[in-house]
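Novice: predicted coordinates and the sequence they were generated for:
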Amino acid sequence: MPELPEVETVRRALDQALTGHKITKVDVRAKGLRKPFPKNLKSSLSGRKIVKCTRRAKYALVEFDDENILVIHLGMSGRIMLHDKCLSYKPEKHDHLVLTFNNGLRMALNDARRFGMVFMVARDQMVNHDAFRELGPEPLERRFTGAVLARALAGRRSAIKAALLDQRIVAGLGNIYVSEALFGAGISPLREAGSLSSAEAALLCRSIKKVLKKAVAAGGSSLKDYKRPDGELGYFQHNFAVYGREGQACPGCDCNAGRTGGIKRIVQGGRSTFFCPQKQG
DNA sequence: CTCCTGTCCTGCCGGC
DNA sequence: TGCCGGCAGGACAGGA
């Protein structure tokens, strides 16, 4: 679910609300999500102070005043809600982990489908951890360039859509933003990944950065059960050019009146892809 | 290696 | 109104 812009929105909210504050209570309300929670989760969190909240790919990282980092992946349906001290808090259905802080805030990790992940990692072990070792570049960093992308795609026979979902190529894109980025670059999702020219890779790289930046600025997208931690809705979903818009015209276009019948939905690797055959021939 | 499929789990929506 | 099948933003294992 949550892709880079949504996780980044969560990260910012956590960083703002929780940095400098200490965990006074740890309520572990489930055995785990996708995997069991670490056995020492409660003891390693209790009494710890948050130093900062960061992000790598779709992982939110809560960094503490010891050597440990709490790693949270929201999976498909995960969300984090911050509950103000002024309001009485009753655990909601699927609140699996609830942290209380010395400023009165509560942080609840809620995940209906339990596809999410929670684990602890020592700061100096992070790069060696299975979850991070093979991750590709951060798309919003300067070192992610058209040339870097072209190199990662070289020789790949799979569709560019599938390649962009592969976190080893570039980290943080998911099903929604891949469709959006390909549309922005005017590249068909069906193209063989390794067949992109260097000019096309450069175009795609720029498009990825552009759509992610705009989505972050909008507070991410709210679809189904994803909400920002403050309970406000991200509103980037209103800016989707193609995602979920089958049969409609793509932006500034009358393609739904023409031969191609507007935005198409196809299934690649069991997942929906949306694109405009006219602009992404 | 790379690619492809199936699986984990619950909720919701549309169709009948 | 009620039931049921299909679908959902991700990651990973296992087999070809």
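Specialist: On my side now, so go ahead. Numbers count the residues shown, from 1 in each chain, chains lettered A, B, ... in the order given.

Novice: touching, residue A:75 and residue A:110? I think so.
Specialist: No. Here residue A:75 does not reach residue A:110: they are 11.2 Å apart, not a contact under Cβ atoms under 8 Å. Glycine gets a C-beta too; all of them are placed from N, C-alpha and C.

Novice: tell me the contacts of the residue in chain A positioned nearest to DNA strand B?
Specialist: Here chain A gets closest to DNA strand B at one residue, residue A:113, 3.2 Å apart by Cβ to the nearest atom of the strand. Contacts for residue A:113 (Cβ atoms under 8 Å, 6 or more residues apart in numbering) come out as A:75-77.

Novice: can I get those residues in JSON lines including distance to DNA strand C and pLDDT?
Specialist: Formatted as JSON lines, these follow (distance: Cβ to the nearest atom of the strand, whole Å; pLDDT from 0 to 100):
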{"residue": "A:75", "distance to DNA strand C": "5", "pLDDT": "95"}
{"residue": "A:76", "distance to DNA strand C": "5", "pLDDT": "93"}
{"residue": "A:77", "distance to DNA strand C": "7", "pLDDT": "93"}
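
Novice: just to revisit the earlier point, show me which of residue A:75 and residue A:110 is the more surrounded one.
Specialist: Comparing residue A:75 with residue A:110 by other Cβ atoms under 10 Å, the one with more neighbours is residue A:110, at 21 against 18.

Novice: surely that one is in a strand?
Specialist: Yes. Applying DSSP: H, G, I helix; E, B strand; the rest coil, one finds residue A:110 inside a strand.

Novice: from residue A:65, how far off is it?
Specialist: Relative to residue A:65, residue A:110 is positioned 26 Å away (Cβ to Cβ, to the nearest Å).

Novice: before we move on, back to that, now, the contacts of residue A:113 that are in helices?
Specialist: Residues of these located in helices (DSSP state H): none.

Novice: can you redo the residues you listed as CSV with distance to residue A:83?
Specialist: Putting these into CSV (distance: Cβ to Cβ, whole Å) gives the following:
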residue, distance to residue A:83
A:75, 21
A:76, 23
A:77, 19
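
Novice: low-confidence stretches in chain A?
Specialist: For chain A, the stretches with pLDDT under 70 are A:1, A:223-227.

Novice: which stretches of it form strands?
Specialist: A:23-28, A:50-56, A:59-64, A:68-73, A:78-83, A:95-101, A:106-111, A:117-122, A:264-268, A:271-275 (DSSP state E).

Novice: which residue packs closest to residue A:48, ignoring adjacent ones?
Specialist: residue A:64 (4.3 Å; Cβ to Cβ, 6 or more residues apart in numbering).

Novice: partners of the one you found in the sheet?
Specialist: Note on residue A:64: beta-bridge partners residue A:50, judged by DSSP bridges.

Novice: quick check: it touching residue A:46?
Specialist: No. Taking contacts as Cβ under 8 Å, residue A:64 lies outside contact range of residue A:46: 10.9 Å.

Novice: which one of those two has more residues nearby?
Specialist: The neighbour comparison of residue A:64 against residue A:46 (other Cβ under 10 Å) goes to residue A:64, with 20 against 13.

Novice: if we can go back for a sec, report the contact partners of the residue nearest to residue A:48.
Specialist: Contacts for residue A:64 (Cβ under 8 Å, 6+ apart) come out as A:45, A:48-51, A:70.

Novice: go with 7 Å
Specialist: With contacts defined as Cβ atoms under 7 Å, 6 or more residues apart in numbering, the neighbours of residue A:64 are A:48-51.

Novice: quick check: closest non-adjacent residue to the closest residue to DNA strand C within the stretch 151-281 of chain A.
Specialist: Nearest residue of the stretch 151-281 of chain A to DNA strand C: residue A:174, at 1.9 Å (Cβ to the nearest atom of the strand). Computed as Cβ to Cβ, 6+ apart, the closest residue to residue A:174 that is not its neighbour in sequence is residue A:3, at 3.6 Å.

Novice: and the one you found, how many neighbours does it have?
Specialist: Residues lying near residue A:3 (other Cβ under 10 Å) number 22.
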